[in-house]
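[1] Here is a sequence with its predicted model. Questions after.
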Amino acid sequence: MPNDTALGWIPEDDSTHATDESSSSTPQVPFMMQGLGWVPDISSKSDATPETNSVKQMLGKAGIKYTKPSGLDSSDLPNQVDLRQHFPPVYNQLKTNSCTANAACGLVMYFEKKSYNKIVSPSRLFLYKASRNLLFQPEDKGAYNRTTFQALTFFGVPPEQYWPFNTELVNAEPNAFCYSFATTYQAVAFYRYDPPGRSQADVLQLIKSQLFAQLPAMFGFHVHSSISQAFKDGKIPFPGPDSTDPIAGGHAIVAAGYDDQMQITNTATGETTTGAILIRNSWGNQWGENGYGWLPYKYILSGIATDWWSLLSMNFVDTGQFGFGKDQVSGNTTSAVDDVVKNSETKTSKKMEK
């Protein structure tokens, strides 16, 4: 069960009850008044991964076949991937610690929009409450990524119009009508990128391979006070020592792309990192690049960005919208992307012959 020490920053002033009806009209909350809510979880060997048969079959049907657990080699991947065009407007979780539900609902909307060009916003507060019900946690103290996906598949999620995002409802129990949507996402499989024993370098390669295949992911990271420098441009620096750059808490966000050349400098320490994950935040569209930002690869390689999950359904796969080269990516045409995959398969074949 989540505990207070793992939850991150809880706002002192909790008098404002706001709704998040649209990113453009929502009052923007300064960073140090934004909620967080990701609770780090311990990975388990029982977690499904891309190598689990049921997941592997769905990925294979989409034409996503990996030669090793880390995905494609670095040389087989484009330098940039950007999936923002398939996402709805960025959410604003305001002062709630509902980041896990905001991230998961963002993923759901991505897959619905890309698969069916359908935009129906799922109820984030319903999913957040259902997640905490599984944890026997009645208060607004965050949730696990795994439990959020379990709630999604156990209970489903109704449209937000039936259980709106209003901070006054954050601890309220949704009515029976909302739970009647329980079968909506029961066919969804959720799977983990970073099971026990997988190196952080391999996790990074798998993340990039999945993004190349049009499959975004949800993860958590430790938020340090230096994130305040990212408010305008979204470039989150690699943190300095905890003594001078303390941890504010845990936060769940969505990986929506990557850029191998993206450089980010910590203005306090002077350290510059190269290579970053494009992230979809849930702090409104005035944060970063219209709500998006960049997180250095070093967060993953250093183990402070973990708990990576994605979801997939055969219904999504059957639309033919996922797999290597399904979109124009980073200037590559579909035929060029096909060549990348073909080259990877050729190299693997030659290695096996040797």
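    Looks like it came in fine.

[2] Now do the strands in the stretch 251-354 of the chain.
    Ranges of strands within the stretch 251-354 of the chain are 272-280, 292-296, 305-312, based on DSSP state E, counting those that start in this stretch.

[3] I247: neighbour count?
    14 (other CB atoms under 10 Å). Using the backbone N, CA and C atoms, a C-beta is placed for each residue, glycine as well.

[4] Can you tell me the SS state at the nearest residue to it once chain neighbours are set aside?
    Among residues not flanking I247 along the chain, H222 sits closest, at 5.2 Å (CB to CB, 6 or more residues apart in numbering). What DSSP: H, G, I helix; E, B strand; the rest coil gives for H222 is strand.

[5] who are the neighbours in contact with H222?
    By CB atoms under 8 Å, 6 or more residues apart in numbering, the contact set of H222 is P239, I247, G249, G250, I304, A305.

[6] Apply 10 Å and report the result again.
    With contact taken as CB atoms under 10 Å, 6 or more residues apart in numbering, H222 is in contact with 8, 36, 38, 40, 239, 242, 247-251, 299, 303-306.

[7] which residues does it bridge with?
    With DSSP bridges as the criterion, H222 is bridged to G250.

[8] Tell me how far it lies from L134.
    As judged by CB to CB, to the nearest Å, H222 and L134 stand 24 Å apart.

[9] Can you report how many residues lie near N281?
    Count around N281 with other CB under 10 Å applied: 28.

[10] what ranges do the helices span in the protein?
    53-61, 99-116, 124-134, 145-155, 176-179, 200-212, 297-301, 314-317, 334-353 (DSSP state H).

[11] Report the inter-axis angle for the first one versus strand 305-312.
    In this case it means helix 53-61. 70 degrees (axes from the mean of the first three to the mean of the last three CA atoms, to 10 degrees).

[12] picking up where we left off before, which one of the helices of the chain lies closest to N290?
    helix 99-116 (13.8 Å; CB to CB).

[13] Strands along the stretch 1-150 of the chain, start to end?
    80-82.

[14] where in it is pLDDT low?
    1-33 (pLDDT under 70).

[15] now do the stretch 201-350 of the chain
    In the stretch 201-350 of the chain (pLDDT under 70), the answer is 314, 325-350.

[16] Recalculate using a threshold of 50.
    Scanning the stretch 201-350 of the chain for pLDDT under 50 picks out the ranges 328-350.

[17] Ends of stretch 296-313, what's the gap?
    Using CA to CA, to the nearest Å, the end-to-end distance of stretch 296-313 comes out at 30 Å.

[18] Give the buried residues for that stretch.
    296-301, 304-313 (16 or more other CB atoms under 10 Å).

[19] Stretch 233-243 now?
    G234, K235, I236, P237, F238, P239, G240.

[20] Could you dump those residues into a markdown table and include distance to N53?
    Shown next, in a markdown table, are the buried residues of stretch 233-243 (distance: CB to CB, whole Å):
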| residue | distance to N53 |
| --- | --- |
| G234 | 38 |
| K235 | 40 |
| I236 | 37 |
| P237 | 41 |
| F238 | 37 |
| P239 | 39 |
| G240 | 44 |
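
[21] just those residues now: which is nearest N102?
    Using CB to CB, these come closest to N102 at G234, 16.3 Å.

[22] ok, now which ones touch that closest one?
    Contacts of G234 by CB under 10 Å, 6+ apart are 264, 276, 278-279, 281, 287-295.

[23] any idea how far G323 is from it?
    On the measure of CB to CB, G234 and G323 end up 29 Å apart.

[24] And for P78?
    From P78 to G323 the distance is 15 Å (CB to CB).

[25] Pull out the buried members of the contacts of G234.
    264, 276, 278-279, 281, 287-289, 291-295.

[26] Go through the residues you listed and say which is closest to I64.
    L278 (19.8 Å).

[27] partners of the closest one in the sheet?
    With DSSP bridges as the rule, L278 is bridged to G257, W294.
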